[in-house]
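Trainee: Requesting a structural model of the entry that follows:
(2 chains)
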2 protein chains.
Amino acid sequence: MDQRAAYDELIRRFQETRFLESIGSVLGWDERTYMPAKGAAHRAEQMALVARLGHESLTNPRLGELLKEVEASPLAKNTESAEAVNIREIRRLYDIAVKVPGALVEEIARTTTRAQGVWQEARKKNDFAAFAPWLDKIVGLKRQEAEAIGYKDSPYDALLDLYEPGAKAAEITRLFADLRKDLVPLVGAIAEAKTKPRGDILNREFAVDRQHLLGQSAAAAIGFDFAAGRLDTTAHPFCTTFGPGDIRLTTRYNPRDFTPGFFGTLHEAGHGLYEQGLDPAHFGTPMGMAVSLGIHESQSRLWENQVGRGRPFWEHFFPRLQQSFPGTLDDVGLNDFVFAINKVERSYIRVEADEVTYNLHIILRFEMEQDLIRGNLKPNDVPRAWNEKFKAFFDLVPANDAHGCLQDIHWSMGGLGYFPTYTLGNLYAAQFMDKAREDLPGLEDDFRRGQFARLKTWLNEKIHRQGHKHRPRDLGLKVTGQPLSHQPLMSYLRKKYGALYGIG
Amino acid sequence: MDQRAAYDELIRRFQETRFLESIGSVLGWDERTYMPAKGAAHRAEQMALVARLGHESLTNPRLGELLKEVEASPLAKNTESAEAVNIREIRRLYDIAVKVPGALVEEIARTTTRAQGVWQEARKKNDFAAFAPWLDKIVGLKRQEAEAIGYKDSPYDALLDLYEPGAKAAEITRLFADLRKDLVPLVGAIAEAKTKPRGDILNREFAVDRQHLLGQSAAAAIGFDFAAGRLDTTAHPFCTTFGPGDIRLTTRYNPRDFTPGFFGTLHEAGHGLYEQGLDPAHFGTPMGMAVSLGIHESQSRLWENQVGRGRPFWEHFFPRLQQSFPGTLDDVGLNDFVFAINKVERSYIRVEADEVTYNLHIILRFEMEQDLIRGNLKPNDVPRAWNEKFKAFFDLVPANDAHGCLQDIHWSMGGLGYFPTYTLGNLYAAQFMDKAREDLPGLEDDFRRGQFARLKTWLNEKIHRQGHKHRPRDLGLKVTGQPLSHQPLMSYLRKKYGALYGIG
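Mentor: Below is the predicted model:
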């Protein structure tokens, strides 16, 4: 067989697995936005069928044959060519898929589907004991998965690699230790600062339909193309890709606080800009896919925090916010407003945490899930261990497990290894933004005028269009010239919050 | 192999084809309700993939083996058992699927997908010549399909059977001839009547969000379960089934006329009640599927026209309509209102036609598409033939083809054989309603009180829960005790419109 024909068949077959995945995305989006309650049971059947067909398609032995053929051909030689990148990454995904036995895949799917329901009830009733046996089972299954995939140093690496290809627990541990060492004193200094933001500004009446229009206009302003996407409402916001011209954002609104809806929209729009920025000619192949969850999160955090919580952004948007809710914020000045949306406070709930304390929530989870996977921590001991760590990190003890170790859905979904990518995203975001400011002089003046196209285009070229060409860490190095480090984020936080709180 | 095991495997495999179809329904619904413009190209790929997998699944030779095995077993003997019904209907669908060559299926899909775009442009530009070669190709392909499926008397029968199992062109021709003979003088008498409805009542301002709430409340009142369905907005309204607990209605709103949105919602809710009334235990098998398009349309027409355009219905709903649009209809009395929503007029566009003239539009199309399939009418001659027939049926000549032979999407979709099911639906609706009134004394008093549960339950038991147990005509006979006839519809129309227009 001709090598080009073999490559084309490989791509066609791999694309079919991605097309099936994109069909699953449509089913999942509808489930979380519009589906009526009684549709849930059949929806689960539909999603299971699509997942099974996708797995069958990805583990088809024909893919293995084609891979061998093209790997031996000149197509695989020029390692930065689209062909070589696609061959390398399809090999990686194929190997993972065939290594994990079908029975284990199904068992994980079945267990986590049910565990999510159990977790939801357990959180509602603050009943960790009900969830503990499920967590135990999930940890056991994920350890089996790690063994099946294989690893060098730690089984956790095998799981982490599913979300952040090439990342290792050992180096993240070092990175996070440095970060924590610097974060803790900053959080302490802020807690002791005399200056505090006004607490009343954000808790006013913000009509939900106007919040929606404002969020849409902000997402459009930073460059999200609404002819190739939408914004809908959901309980737990997410961004999902239906196809190269169809990216769906979701958010949720609080009629007494516009910030979750607004910053949630900016966050998801940041993810959406990555997806819209991928090369459509490579859709369904690794060259047209986002490279990792950490890099993905860097894009959402960059727009939400680095841009969207900055003073320049609000020099443009604050008058528009005031106009959107006539009379509501007339008594508020820009400085007070910017301070209010950047309030730092030790708190219990990760998803509500500010930019400074957020990463402590992640480091805590990263430590705990490594202990779980290593077998050093029994699921029954999670509440005690959580509360001890929380006291050490935040000098607070959660009043109950619903505000403690039961707050996140991730473990019930089997997502062990997922949490660290949130902080990796924050680190990358700071580093990318430093480099963007260097490459694009006067960038913040753009923001003051409501102009975001230079930054978006820079991200499109440097990051989005690269697809899977490089490993995430290599991409970071290539874009910024620097290895991943906690320092750019710390410098950003110290400068920004030092000024706001009058410290440092 | 054990016969029960063979039957179970047959059902499981057939259900997979229906599950894939239900996934296609989700993709199609989103395409027509929420999808952004740039999502179209990839959506077509997704839908083609699901259609291909569904066809592969239905034509799997294993189905043929299992069918042979169960057909020879006692399971197939008791012809009204769920097992025997399922075996009979799966055989019918399997035979059709395997008889039509895959290449022809693909060619029809490819041609009609493109032809719909051509038709849309042609209608916009009133350019039949642009569409004619496509119609020619489609007619040729549908004739090939009819030959592949096989037929006794007429190739049209093979196509009709896809929508209305067991129906024959010859008997529909007789039925429609009787209907036309009686309709034409009624339409003439109405045209000459002195009494006319007030023309100004319906063209006022009706806020779209209030129309939506009113339509939802009416659909809920007749029994549509919104925990197992939704109502959304689209350009060309439809009803689609995602699963046994998830039926989606759609409608469209005109802010200057509440009737298209309202009656469109009642119509689709009628379809939705059929789908919600199917036995969920049999979902994905013929015993849990609607029996034909004609019977389906009988349910939508029954609720839209027989119930929804009747005076008793509005004795309950008219005050609610007035309240929904404060001040808008205060000067209108119930009699004038009911007359206005039942205005009869010879007109050009089928989808805007009233209850009386509607069926003449269908009979015209039925005659023309038979001529096309027989080869007695060349696509190039369609405009001339259409206008001649239209003059004969309506004493009007369309000013252009956009208002004539280009108005409907059906032929561009390859839906030859589909049109007659609309009039079959009207005939069945009249016959079912006569029987329901007989079985349920005081039924119209129910409507006057806004009570529709007795009628809905009657339809659930007599029709919906029967699934595919009987052929459509046999179901009609079984429910009403009478063969299908034009007389119940004519009696209903003469009585209702005689009273409104003061004739007869």
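
Trainee: who are the neighbours in contact with the residue positioned nearest the centre of chain A?
Mentor: Nearest residue to the geometric centre of chain A (Cα atoms, centre = their mean): A:E297, 4.1 Å. If a contact means Cβ atoms under 8 Å, 6 or more residues apart in numbering or on different chains, then A:E297 has A:T421, A:Y422, A:L424, A:G425, A:N426, A:Y428, A:A429 as its contacts. The C-beta positions use only the backbone N, C-alpha and C, and glycine is treated the same way.

Trainee: out of those, who has the most neighbours?
Mentor: Highest neighbour count within the contacts of A:E297, by other Cβ atoms under 10 Å in any protein chain shown: A:Y428, with 30 neighbours.

Trainee: My read is that that residue contacts A:S298, right?
Mentor: Yes. The pair A:Y428 / A:S298 is scored as a contact, 3.5 Å apart, by Cβ atoms under 8 Å.

Trainee: the strands in chain A, which residues?
Mentor: A:229-233, A:239-243, A:246-251 (DSSP state E).

Trainee: Format the ones you listed as TSV; extra columns: mean pLDDT, distance to B:A399 and mean neighbour count.
Mentor: Putting the strands of chain A into TSV (pLDDT from 0 to 100; distance: least, Cβ to Cβ, whole Å; neighbours: other Cβ atoms under 10 Å in any protein chain shown) gives the following:
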stretch	mean pLDDT	distance to B:A399	mean neighbour count
strand A:229-233	98	39	20
strand A:239-243	98	41	24
strand A:246-251	98	39	27
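
Trainee: closest to A:P155 out of those strands?
Mentor: Closest of the strands of chain A to A:P155 is strand A:239-243, at 29.5 Å (criterion: Cβ to Cβ).

Trainee: Does the closest one reach chain B?
Mentor: Yes. Contact of strand A:239-243 with chain B (Cβ under 8 Å from any Cβ of the partner chain) involves A:F242, A:G243.

Trainee: Next, the angle from that strand to strand A:246-251.
Mentor: Strand A:239-243 runs at 160 degrees relative to strand A:246-251, counting by axes from the mean of the first three to the mean of the last three Cα atoms, to 10 degrees.

Trainee: Give the other helices and strands that strand A:239-243 contacts.
Mentor: helix A:3-33, strand A:246-251, helix A:259-277, helix B:40-58 (3 or more Cβ pairs under 8 Å, 6 or more residues apart in numbering or on different chains; DSSP states H and E).

Trainee: The same query, at a cut-off of 10 Å, please.
Mentor: helix A:3-33, strand A:229-233, strand A:246-251, helix A:259-277, helix B:40-58 (3 or more Cβ pairs under 10 Å, 6 or more residues apart in numbering or on different chains; DSSP states H and E).

Trainee: How about the contacts made by A:G150?
Mentor: A:D95, A:I96, A:K99, A:D157, A:A158 (Cβ atoms under 10 Å, 6 or more residues apart in numbering or on different chains).

Trainee: For the last one, grab the count of nearby residues.
Mentor: So that's A:A158. A:A158 has 23 neighbours, counted by other Cβ under 10 Å.

Trainee: before we move on, what about the first one?
Mentor: Summarising burial for A:D95: neighbours were counted as other Cβ under 10 Å, giving 14.

Trainee: before we move on, what about the one 4 residues further on?
Mentor: Each residue near A:K99 was counted by other Cβ under 10 Å, and the total is 15.

Trainee: now A:A148
Mentor: 15.
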